[in-house]
Structures are given as C-alpha cells and as structure tokens.
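> just coords:
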Ligand SMILES: [Zn+2]
C-alpha cells in the first residue's frame, strides 16, 4: 500500500501497490505541461481517502480522460486515461518517500500521437 498526498495535504489517496513496476512520462499536450512521472493501477486499487470535495476535474479534446487536481494547491493527483478509463494513472511525485529523480526505467508514452486519434 502506498499513500498519495497532494502538496497542501488536502487530498489523500491509498494505492494498493507494492512496487511501481511501470513508470511513464507522456508527451501529450497536458502531460508535457505537467511534467510529472506516473504509474498506473486498476481503479479498484486507487481510493481517495481524504478531500474528494477538493478535487477538480479537467477535461479537454475528446473529454473521455479525466484529469484530477487539488483545487487548493493545484497539484495533479491522478487521472483516468482515455485509452482505458478502468485504470487510474497517478502522480508518482505525490508518494512520500520516493525519490522521483532516481528512477532509471522511465519510459515515454507517445500521447501526442494517441492511438484513438488515428482514423
Ligand atoms: Zn492540495
């Protein structure tokens, strides 16, 4: 189990995961602006335990993906990706005790050329 907190502490979540196996960055229009590194779990393995009323939802383009951030401190906490809304991507930097600058196996998802945008 890992605990996720936004910067101000208003939002907390529990993530049912022991090791972050796949860590990604993404080059899509929103992720490149956020610059965060992310990992993924099934929705059932991600529970907001505090401050769900503080979360703001942001959507754009196809409006399928749900991007959440804390309305107080502005930090991106998690999202449900368009490619699979049954999954939750979360901000690895929001997990206490992890040095996000030490990960060496961060892959880059090509969200700029999203598969669902191809005709
Ligand atoms: Zn906050």
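Good, I have the coordinates. Since the model is a prediction, treat every value here as computed from it, not as a measurement.
> how close does residue 78 sit to the ion?
13 Å (Cβ to the ion, to the nearest Å). (C-beta placed from N, C-alpha, C; glycine too.)
> swap in residue 7?
Using Cβ to the ion, residue 7 is found at 5 Å from the ion.
> cool, residue 31 as well?
Counting by Cβ to the ion - residue 31 and the ion are separated by 19 Å.
> Can you list phi and psi of residue 64 for me?
phi -90, psi -50 (degrees, to the nearest 10).
> I'd guessed it sits against residue 114; true?
No: counting by Cβ atoms under 8 Å, residue 64 stays clear of residue 114, with 10.4 Å between them.
> Which residue of these two possesses the greater neighbour count?
residue 114 (17 against 12; other Cβ atoms under 10 Å).
> Contact partners for the more buried one?
Counting by Cβ atoms under 8 Å, 6 or more residues apart in numbering, residue 114 touches 28, 82, 83.
> Looks like residue 27 contacts residue 107 (just checking).
No: checked against Cβ under 8 Å, the pair residue 27 and residue 107 is beyond contact range at 11.2 Å.
> Pull out the buried members of the contacts of residue 114.
Applying 16 or more other Cβ atoms under 10 Å to the contacts of residue 114, the neighbour count classes 28, 82 as buried.
> Could you export the contacts of residue 114 as CSV, including pLDDT, secondary structure and distance to residue 49?
Shown next, in CSV, are the contacts of residue 114 (pLDDT from 0 to 100; DSSP: H, G, I helix; E, B strand; the rest coil; distance: Cβ to Cβ, whole Å):
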residue, pLDDT, secondary structure, distance to residue 49
28, 92, coil, 28
82, 91, coil, 26
83, 89, coil, 26
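> from the contacts of residue 114, which single one is nearest the ion?
Within the contacts of residue 114, the smallest distance to the ion is 23.2 Å, found for residue 28 (Cβ to the ion).
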